[in-house]
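> got a structure for you, letters missing:
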């Protein structure tokens, strides 16, 4: 009977050792799994950053191409107005001279 009790106690000790070893392996696997997840997250973030940087550079490049076009449109819009103002100023004096001349000639 003592032998059976001793065998049961030995089995219980072995079971406890196996359970402890199993839990240790699970902890190790869980830790390695977490490290793998963290590594994958870092790689994913790096790929997102690269993609975002590429999109940003493409956006800047597109807008840089548009700037000369916008500047040309602004020049045509406002530059033409400035040219019209200059032409008006030149013609204004001549127009006023002609009007005064016609007024003075009518009175004579």
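On my side now, so go ahead. The shown structure was predicted, so the numbers you read here are calculated from the model rather than taken from an experiment. Numbering: from 1, shown residues only.

> Now do the contacts for residue 63.
For residue 63, no contacting residues are found, by CB atoms under 8 Å, 6 or more residues apart in numbering. C-beta here means a position set from N, CA and C on the backbone, and glycine is covered the same way.

> how near is it to residue 56?
11 Å (CB to CB, to the nearest Å).

> Could you do residue 32 as well?
Distance, residue 32 to residue 56, using CB to CB: 36 Å.

> those helices in the chain, which residues are they?
Assigned by DSSP state H, the chain shows helices spanning 2-74, 80-107.

> can you redo those helices as JSON lines with mean pLDDT?
Listed next are those as JSON lines, based on pLDDT from 0 to 100:
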{"stretch": "helix 2-74", "mean pLDDT": "89"}
{"stretch": "helix 80-107", "mean pLDDT": "79"}
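
> okay, now residue 105: neighbour count?
Look at residue 105: counted by other CB atoms under 10 Å, it has 8 neighbours.

> I appreciate the help and will end here.
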